[in-house]
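# the following comprises the amino acid sequence and a computationally predicted model.
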Amino acid sequence: MESEQLSFLFEKLNRGDTNAFEQLVSVTYLELRKIAGSMMRTHRNGNTLQPTALVNEAYLRLAGGDGRWESRAHFFGAAVRAMRQVLMEYARQRSAKKRPSSQVRVDFDDLKVPGVDSGVDIERLDEALTALGRVDPELLRVMELRYFAGRSLAEIADLMGCSLATVKRRWTYARAWLYEFMNA
């Protein structure tokens, strides 16, 4: 039911219906809030943002964009990217205000790559993810949905409309690629 409703809303949005975005956010709000909560737990860097504030900031970014999404995966991928950008900017601002010469650390435990420090420089992480997106946007989408949105590999396969084996390969490759980039 929800996927049919989302498809209908994506069609309305792509036809230029200005109310469709509000309806889309209303329908997906609980899931967006769940993603935000997962991201906030993942990024224990002393921020004071709440999941609701993170969803609101992401909403503003999404509303300011072109508003054309092809699928549920495309929309949630865009939402995760917007939330990641908000968290990165917030961490940079806090770092600049409190400790101009210190580095902000972000937990990276979910990757479970042997030898990876449990905290990484957030700016380096952002640089790595941006570079990964240039190499292969699908790898970045898998990384965002898994690491930032806390989705299981099966959920990602469903969202992206591909097989679980494909998602597992992409996840493994993306982790290895990020490990190499972060340690170069």
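In hand now; what should we look at? Everything quoted here is computed from the prediction, not taken from an experiment. Numbers count the residues shown, from 1 in each chain.
# pLDDT weak spots in this protein?
Across the chain, the ranges flagged by pLDDT under 70 are 1, 42-48, 67, 95-121.
# quick check: longest helix of it.
Looking across the chain with DSSP state H, the single longest helix is helix 72-98.
# quick check: buried residues in that helix?
Residues of helix 72-98 classed as buried by neighbour count (16 or more other CB atoms under 10 Å): 72-73, 75-84, 86-88, 90-91, 94-95. Quick note: C-beta positions are derived from backbone N, CA and C, even for glycine.
# skipping adjacent residues, who's closest to Arg61 in space?
Computed as CB to CB, 6 or more residues apart in numbering, the closest residue to Arg61 that is not its neighbour in sequence is Ala82, at 4.1 Å.
# show me the contacts for that neighbour.
Ala82 makes contacts with 57-58, 61-62, as judged by CB atoms under 8 Å, 6 or more residues apart in numbering.
# which residue ranges form the helices in the chain?
2-14, 20-42, 51-63, 72-98, 122-135, 137-143, 153-160, 164-182.
# buried deepest among these, which one?
Each of these was scored by mean neighbour count; the highest is helix 137-143, a mean of 21, by mean count of other CB atoms under 10 Å.
# could I have the CA atoms of it written out in CSV?
Output of helix 137-143 as CSV, limited to C-alpha atoms (Å, rounded to 0.1, in the frame of the first residue of the first chain):
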residue,chain,number,x,y,z
PRO,A,137,26.9,6.5,-7.1
GLU,A,138,25.3,3.1,-6.4
LEU,A,139,28.2,2.2,-4.0
LEU,A,140,27.6,5.5,-2.2
ARG,A,141,23.8,4.8,-2.0
VAL,A,142,24.5,1.4,-0.4
MET,A,143,26.9,3.0,2.1
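# export the contacts of Ala82 to CSV and tack on distance to Ser152?
Shown next, in CSV, are the contacts of Ala82 (distance: CB to CB, whole Å):
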residue, distance to Ser152
Glu57, 26
Ala58, 22
Arg61, 26
Leu62, 24
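# check those and tell me the two furthest apart.
Pairwise distances across these (CB to CB) peak at 9.8 Å, for the pair Glu57 and Leu62.
# skipping adjacent residues, who's closest to Met83 in space?
Excluding its sequence neighbours, the residue lying closest to Met83 (CB to CB, 6+ apart) is Ala58, at 4.7 Å.
# so the one you found sits against Arg84, correct?
No - the criterion here is CB atoms under 8 Å, and Ala58 misses it with Arg84 at 9.1 Å.
# contact partners for the nearest residue to Met39 once chain neighbours are set aside?
Using CB to CB, 6+ apart and skipping the chain neighbours, the partner closest in space to Met39 is Phe148 (5.2 Å). Shown in contact with Phe148 (CB under 8 Å, 6+ apart): 35, 38-39, 42, 80, 83-84.
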